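Engineer: Compute the structure for the input listed below.
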Amino acid sequence: MPREIDELATCSLLGNTGVKYPADYAPEMLETFQNKHPERDYLVTFTCPEFTSLCPKTGQPDFGRIIINYIPDEKMVESKSLKLYLFSFRNHGDFHEDCVNIIMKDLVKLMQPRYLEVRGVFMPRGGISIIPFANYGDDAHQDMVRQRLMAVFPSDF
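Structural biologist: From the prediction side, this is the model:
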């Protein structure tokens, strides 16, 4: 069943060719739409292969990939707004760990998902790669929070 036009009222950026890319961190860019399948758990994955932010000390650019997995409840994040939001980190100075946690917290606040995880895979700087992971789960998904957190610990050391 296709979406009705009034179901898309919260998505002002989608299809809008006059959208301005934010120059600074902009969580207000995030938009949602209603989940038409809230009766069951299912997974949505977003991959942002060209994420950039700035080192808070040196101002040098950091490059990485952001992977977002979530199980929606009533609301879902609209992908164009997510793209613009992630782009807003381009001039944002924060450590990799902070960026991943900020993204997770902003998306949890926006959607109140059943489960959400954010992983950053950053390019090496000074010979060290940083791969932060943050996750959240509602009361029914606390076992998954612990299982997924333990699953991302490297076992090849």
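Engineer: what's the biggest helix by length in the chain in contact with?
Structural biologist: Once the chain is assigned using DSSP state H, the helix that runs over the most residues is helix 96-111. Contacts of helix 96-111 with the rest of the structure, by CB atoms under 8 Å, 6 or more residues apart in numbering, involve 25, 27, 30, 32, 51, 53, 62, 64, 66, 68, 70, 72-73, 75-77, 85-86, 89, 92, 94, 113, 116-120, 122, 130, 132-136. Placement of C-beta: from N, CA and C, glycine included.
Engineer: and the helix or strand following it with helix 96-111, angle?
Structural biologist: As assigned by DSSP states H and E, the chain's next helix or strand after helix 96-111 is strand 115-122. Put simply, strand 115-122 runs at 150 degrees to helix 96-111, going by axes from the mean of the first three to the mean of the last three CA atoms, to 10 degrees.
Engineer: so what does whatever helix or strand comes next after strand 115-122 touch, helix or strand wise?
Structural biologist: Downstream of strand 115-122, the first helix or strand assigned by DSSP H and E is strand 133-137. With contacts taken as 3 or more CB pairs under 8 Å, 6 or more residues apart in numbering; DSSP states H and E, strand 133-137 sits against helix 96-111, strand 115-122, helix 142-151.
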